[in-house]
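Trainee: Provide a 3D model corresponding to the input given below.
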Amino acid sequence: MGLFVSFEGPDGSGKTTITKYLTEYFIDKGEDILLTREPGGIGISEKIRNLILDPVHTEMDDRTEALLYAASRRQHLVEKIVPAVEAGRIVFCDRFVDSSLAYQGYARGIGIDEVWEINKFAIDSHLPDVTIFIDCDPEIGLERTGKRGAKDRLEMEGFEFHKRVYEGYQEVIRRFPDRIRVIDGTGTVEAVAAQAIAIIEEVINERSN
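Mentor: Next up is the predicted model:
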């Protein structure tokens, strides 16, 4: 069997940069890596991503948003992630279920337990083998996203929303301490990546022994 690794963090934490860095690093080491993202990763889910994140959809209901994320996740999981893991590949996924718990469950106020129930139906017990949370103060994250130019619908939310997202992640981490590993996201790309590499190599070695 392969390995399923998800990467989490608030907007601007550097997840996408780090996952790309790690993909190149482990491919160079001879590992068979599949890099993917949520929402998205495959055709149907990318269309749902565009629907969710389009800034024009300001009328979208919070529960609708949560359900769309779960639907996108289900299709992505069964079409791409599970087959890759079963084929012995290592999957790096930029966001997974913990994002829904933090963003929709906590920050939107739906409730972590409520959003977890929706996603239990969607993921059917398939959780990452390890989740790496890139810890970054929401103020720093928003400063970084502010330099990107055009923002998606969630990135356009104010500081209080993103502060709640960060608080939501802290609660999620408390609920899943055995799966979620926290690293410092404030250093250079190389410094942040080194922390993640150490964790992933540890898990790979445990699997091979």
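
Trainee: pull the helix or strand with minimum mean pLDDT from the protein.
Mentor: helix 138-145 (a mean of 77; mean pLDDT, DSSP states H and E).

Trainee: show me what that one is packed against.
Mentor: helix 159-175 (3 or more CB pairs under 8 Å, 6 or more residues apart in numbering; DSSP states H and E). (Glycine included, C-beta is placed from N, CA and C.)

Trainee: what ranges of the chain fall below the confidence cut-off?
Mentor: Along the chain, the model assigns pLDDT under 70 to residues 146-150.

Trainee: select the longest helix from it.
Mentor: The helix that spans the most residues within the chain, counting by DSSP state H, is helix 189-208.

Trainee: Ala198 versus Tyr25, what's the distance?
Mentor: 12 Å (CB to CB, to the nearest Å).

Trainee: neighbour count: these two, which is higher?
Mentor: Tyr25 (16 against 11; other CB atoms under 10 Å).

Trainee: the least confident helix or strand of the chain versus helix 159-175: what angle between them?
Mentor: 120 degrees (axes from the mean of the first three to the mean of the last three CA atoms, to 10 degrees).

Trainee: name the residues that touch the helix or strand containing Leu51?
Mentor: Using DSSP states H and E, Leu51 sits within helix 43-53. Taking contacts as CB atoms under 8 Å, 6 or more residues apart in numbering, the residues outside helix 43-53 that touch it are 38-40, 57, 60, 65, 68-69, 71-73, 75-76, 79, 152-154.

Trainee: buried among those? Need that as a selection in ChimeraX.
Mentor: Command for ChimeraX that selects the buried part of the contacts of helix 43-53, burial taken from 16 or more other CB atoms under 10 Å:
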select :38,39,40,65,68,69,71,72,73,75,76,152,153,154
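
Trainee: which ones among the contacts of helix 43-53 lie within helices?
Mentor: When DSSP H is applied, the contacts of helix 43-53 are split such that Glu65, Leu68, Tyr69, Ala71, Ser72, Arg73, Gln75, His76 fall in helices.

Trainee: in TSV: the residues you listed, plus distance to Pro83.
Mentor: Shown next, in TSV, are those (distance: CB to CB, whole Å):
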residue	distance to Pro83
Glu65	27
Leu68	23
Tyr69	21
Ala71	19
Ser72	17
Arg73	15
Gln75	12
His76	11
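
Trainee: could you say which helix or strand holds Val5?
Mentor: Element membership of Val5 [criterion: DSSP H and E] is strand 3-8.

Trainee: would you mind measuring from the closest residue to Tyr106 other than its chain neighbours to His57?
Mentor: Nearest residue to Tyr106 in three dimensions, chain neighbours excluded: Gly168, at 2.7 Å (CB to CB, 6 or more residues apart in numbering). Gly168 sits 22 Å away from His57, going by CB to CB.

Trainee: what does His76 give?
Mentor: From His76 over to His57 the distance is 20 Å, taken as CB to CB.

Trainee: contacts for the least confident helix or strand of the chain?
Mentor: Helix 138-145 is contacted by residues 9-14, 151, 155, 159, 162-163, 165-166, 186 when judged by CB under 8 Å, 6+ apart.

Trainee: also stretch 100-110?
Mentor: Stretch 100-110 is touched from outside by 8, 62-63, 65-66, 69-70, 73, 111-116, 118-119, 154, 161-162, 164-169, 171-172, with contacts defined as CB under 8 Å, 6+ apart.
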